[in-house]
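J.: Have a look at this prediction, sequence included:
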Amino acid sequence: MSSFRTLDDLPAQQRVLVRLDLNSPVEDGVVQDNRRFSRHAETVAELADAGHRVALMAHQGRPGDDDFVSLEQHADVLAEHAGVDVDFVADTFGDDALAAIRSLDAGDVLLLENTRMTDDELPEEEPEEHAASDFVETLAPEFDAYVNDAYSAAHRQHASLVGFPLRLPSYAGRVMETEYEANTAIAEREFDGDVTMVVGGTKATDVIGVMEALDEKVDRFLLGGVAGELFLRAAGYPVGEDVDTELFDDQWNANEETIRSVLEERRDQVTLASDLAYEDADGERSEVAVEDIVEKTQSFLDVGSDTVADYEPTIRDSEAVFVKGALGVFEDERFSVGTVGVLEAIADTDCFSVVGGGDTSRAIGMYGMSEDDFSHVSIAGGAYIRALTGEPLPAIELLVRNAAEGVGR
Ligand SMILES: Nc1ncnc2c1ncn2[C@@H]1O[C@H](COP(=O)(O)OP(=O)(O)OP(=O)(O)O)[C@@H](O)[C@H]1O
Ligand SMILES: O=C(O)[C@H](O)COP(=O)(O)O
């Protein structure tokens, strides 16, 4: 059990500042509903129903990215799930935000603008520095308590995650509590048979770092997505570089050394895709064997069918399978073969299975699979794989420290 305080410990009638993780896929400017909304809605509804005055903080994307947008749409999606009104103010901690916070009545809920729109949020700094930022210094006095429900962002050392626990009595929300307990229990679990990890997605930097740390725990890695292409590049294939996206070159430069050393030292543990899929001139899915690729001239959007067939026996023979990241752009049905094929193979076995990632976990519902076919489905990606390595999550350490030191008591 954790040693942080939870909503069961929160006194009545508080002015509460709550950190959620509503970071979601954005398609053509439209925020896509996903399990982060439904899960966090439970915490929000509980706080509102209990008569607290609730102000919510969350982030979306990163400055410079297409999905770095306002949280205005998030307020409506969250309200629908929570069954309570969620007002929105297009301000993080300026006069408009303060006026909206001060006008909250018991049971009211307000969502503040994307925390990453303030310069104080993003630097990875020590909690003490964040606690002294204008952002934290301005907002903290407006509240009696801070609730962190953002387990899936707990690996980031950002102001809204680590600054407030030095200023306010702090509590874990319901999502934080359940994800922490599930992921910690999983990290501590020992398996007799083979443990397999399926590694994909776009956040290659996040997953490659932990592959090194997990080699004691994981017997075999099955690769796909952007990380998989970077490994193919290291293995000498002409892929894993930017053609019409900016997903590869920067991540290659940041991780080349680690990828090469993982491949060199653990070549027999790492299985790479044998074929890849792309959109052909007719707009159809086509596949090519990696051995036949002479030059990368278009984006590869999925692993091929032979790769899925290669991966299935490994999954069937595993006692545990962990998934982090999709093997392709599954949101487009043509490129869902890798992700869905692997998830269905896992669902068909009775192995212990965990699927993590805010985006990746969406594939389960999108393609008619049931969460019950997996042992645990986490809305966290980076935080979940770090938890598997036993690496501390800074935002959670701060909740523990806050409880131990009795801040605000
Ligand atoms: N080859 C590829 N090219 C571009 N995008 C890809 C490719 N393969 C997978 N993806 C994308 O990867 C995304 C999922 O992985 P990503 O690393 O972004 O997040 P996640 O696993 O959901 O975890 P987190 O919660 O950390 O965001 C999917 O939205 C999918 O479209
Ligand atoms: O989606 C996530 O994994 C979390 O919200 C963290 O987002 P980040 O990877 O942009 O910091």
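T.: Sure thing, it's come through. Ligands and ions are numbered 1, 2, ... in the order given.
J.: So is the worst-scoring helix or strand of the chain on mean pLDDT next to ligand 2?
T.: Here the helix or strand of the chain ranked lowest by mean pLDDT, DSSP states H and E is helix 204-213, holding a mean of 86. No - Helix 204-213 lies out of reach of ligand 2 by CB under 6 Å from any ligand atom, never closer than 6.9 Å. The way it works is simple: take the backbone N, C-alpha and C, and place the C-beta from them, glycine included.
J.: Would you indicate which residues of that helix are buried?
T.: Buried residues in helix 204-213, counted by 16 or more other CB atoms under 10 Å: 204-211.
J.: What ranges in the protein fall below the confidence cut-off?
T.: For the chain, the stretches with pLDDT under 70 are 1-2, 408-409.
J.: relative orientation of the lengthiest helix in it and helix 204-213 in degrees?
T.: Using DSSP state H, we find that the single longest helix of the chain is helix 249-265. Taking axes from the mean of the first three to the mean of the last three CA atoms, to 10 degrees, helix 249-265 and helix 204-213 form an angle of 20 degrees between their directions.
J.: Run the chain-centre distance for helix 249-265.
T.: Mean C-alpha position of helix 249-265 versus that of the full chain (CA atoms, centre = their mean, to the nearest Å) differs by 22 Å.
J.: swap in stretch 154-165?
T.: 15 Å.
J.: Check the gap between Phe4 and Ser353 for me.
T.: As judged by CB to CB, to the nearest Å, Phe4 and Ser353 stand 28 Å apart.
J.: now His81
T.: Counting by CB to CB, the gap from His81 to Ser353 is 26 Å.
J.: of the two, who's got more company?
T.: Ser353 (22 against 19; other CB atoms under 10 Å).
J.: So which elements touch whichever strand or helix holds the more buried one?
T.: Per DSSP states H and E, Ser353 falls inside strand 352-356. With contacts taken as 3 or more CB pairs under 8 Å, 6 or more residues apart in numbering; DSSP states H and E, strand 352-356 sits against strand 320-324, helix 337-348, strand 376-377, helix 382-389.
J.: contacting residues around the helix or strand that it is followed by?
T.: Past strand 352-356, further along toward the C-terminus, the next helix or strand under DSSP H and E is helix 362-366. With contact meaning CB atoms under 8 Å, 6 or more residues apart in numbering, helix 362-366 is reached by 25, 32, 34-35, 326, 330-331, 336, 339-340, 343, 355, 369-371, 374, 377.
J.: Any chance of a ChimeraX selection covering the buried ones in the residues you listed?
T.: Filtering the contacts of helix 362-366 down to the buried ones (16+ other CB under 10 Å) takes a single ChimeraX command:
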select :34,35,326,330,331,336,339,340,343,355,369,374,377
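J.: give me the subset of the contacts of helix 362-366 touching ligand 1.
T.: 326, 331.
J.: Flag every residue of the stretch 1-150 of the chain that's near ligand 2.
T.: 21, 23, 62.
J.: could you redo the last one with a cut-off of 8 Å?
T.: Applying CB under 8 Å from any ligand atom, we find that the stretch 1-150 of the chain lies next to ligand 2 at 21, 23, 59, 61-62, 150.
J.: swap in the stretch 151-300 of the chain?
T.: Residues of the stretch 151-300 of the chain found near ligand 2 (CB under 8 Å from any ligand atom) are 152-153, 155-156, 158, 203, 206.
J.: would CSV of the residues you listed with distance to Thr271 and secondary structure be doable?
T.: Formatted as CSV, those follow (distance: CB to CB, whole Å; DSSP: H, G, I helix; E, B strand; the rest coil):
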residue, distance to Thr271, secondary structure
Ser152, 27, helix
Ala153, 31, helix
His155, 26, coil
Arg156, 30, coil
His158, 35, coil
Lys203, 20, coil
Asp206, 20, helix
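J.: coming back round to it: same list, the helices and strands packed on strand 352-356, but as CSV with distance to ligand 2 please.
T.: Output for the helices and strands packed on strand 352-356, formatted as CSV (distance: least, CB to the nearest ligand atom, whole Å):
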stretch, distance to ligand 2
strand 320-324, 10
helix 337-348, 17
strand 376-377, 15
helix 382-389, 5
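J.: which of the residues of the stretch 151-300 of the chain next to ligand 2 come close to ligand 1?
T.: Contacts with ligand 1 within these, as defined by CB under 8 Å from any ligand atom: 152, 203, 206.
J.: For the last one, which non-adjacent residue is closest in space?
T.: Okay, so that is Asp206. Using CB to CB, 6 or more residues apart in numbering and skipping residues adjacent in sequence, the residue nearest Asp206 is Gly382, 4.5 Å away.
J.: ditto for Glu287
T.: That would be Gly304: by CB to CB, 6+ apart, it lies 4.0 Å from Glu287.
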